[in-house]
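> Mind folding the following:
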Amino acid sequence: MVIATHPSESTTRSVYGFRPWVRRAGMSIVLVAAIVTAVIIAGVAIRPSARFGWARDPFTWAYIGALWLGGLRIYLGTFRPAAEIDGTRITVRPLHQLRASSVTWEAVLGTEQMIGGDRMILYHQTGRGMRFVAMNLNLVRGRRDFLTELDRRLVDMGFSERVVERSRYLSRSQDE
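Got it, this is the predicted structure:
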């Protein structure tokens, strides 16, 4: 966790990066895609008749393309923080989504977490109605600190905790 003072506000901003192994996993996916691509291209160059077999199959190239895109998405996505918390908003960048979700504290409706689980769902209000963003907590460096800070901020805002079976919810009090 890195604490930095935001120049335009008097509040602090907490930044939670991705764990180091996440970037390495993305790079290994890209490496596999590069090796497979190179092997197919070399095979076709050395033996032109190979271009009529599985190397020409569209599924093969779709699979290799998915490896390239997925690996690059993971690798490049880890250069930005996984989550940021400041005085006005929470920003989360799940790797399974193309863009970050930045939610003001007033728009937060609640969170859901499976007890002992690795997923957190943040429910929030938008102009189009209620939406949610899911976050894989195993990918966040400083996961406990992130959850502690998020819980503290929500409880300070009047959210209350409720446990239903194996899920833990933080939501606005029923009195509001």
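> Would you check how far apart the closest residue to residue 173 other than its chain neighbours and residue 103 are?
Distances taken as CB to CB, 6 or more residues apart in numbering place residue 160 nearest to residue 173, at 5.0 Å, with adjacent residues excluded. Glycine gets a C-beta too; all of them are placed from N, C-alpha and C. Residue 160 sits 19 Å away from residue 103, going by CB to CB, to the nearest Å.
> Comparing those two, which residue is more hemmed in?
Neighbours were counted for residue 160 and for residue 103 using other CB atoms under 10 Å; residue 103 has more, 20 against 14.
> from memory that one sits against residue 123, does it?
No: with contact defined as CB atoms under 8 Å, residue 103 does not count as touching residue 123 (9.4 Å).
> In contact with the residue nearest to residue 173, which residues?
The contact partners of residue 160, by CB atoms under 8 Å, 6 or more residues apart in numbering, come to 170, 171, 172, 173.
> Which phi and psi values does it adopt?
Phi and psi for residue 160, reported as degrees, to the nearest 10, are phi -120, psi 150.
> On the pLDDT front, check it for me.
In this model, residue 160 is scored at 91, pLDDT.
> Please determine how far it is located from residue 151.
Going from residue 160 to residue 151 by CB to CB gives 11 Å.
> OK, contacts around the residue positioned nearest the centre of the chain?
Closest to where the C-alpha atoms of the chain average out (CA atoms, centre = their mean) is residue 94, at 1.6 Å. Residues in contact with residue 94, defined by CB under 8 Å, 6+ apart, are 101, 133, 134, 135, 136.
> What is the nearest of those to residue 49?
Checking those against residue 49 with CB to CB, the nearest one is residue 136 at 44.9 Å.
> for the closest one, which residues make a bridge with it?
residue 119 (DSSP bridges).
> Would you agree it is in contact with residue 119?
Yes: here residue 136 reaches residue 119: they are 6.2 Å apart, a contact under CB under 8 Å.
> out of these two, which sits in the more crowded spot?
residue 136 (15 against 12).
> Quick check: that one vs residue 128, distance?
Counting by CB to CB - residue 136 and residue 128 are separated by 25 Å.
> next one: residue 45
51 Å.
> Look at those two and report which has more neighbours.
Higher neighbour count among residue 45 and residue 128: residue 45, with 10 against 6, using other CB under 10 Å.
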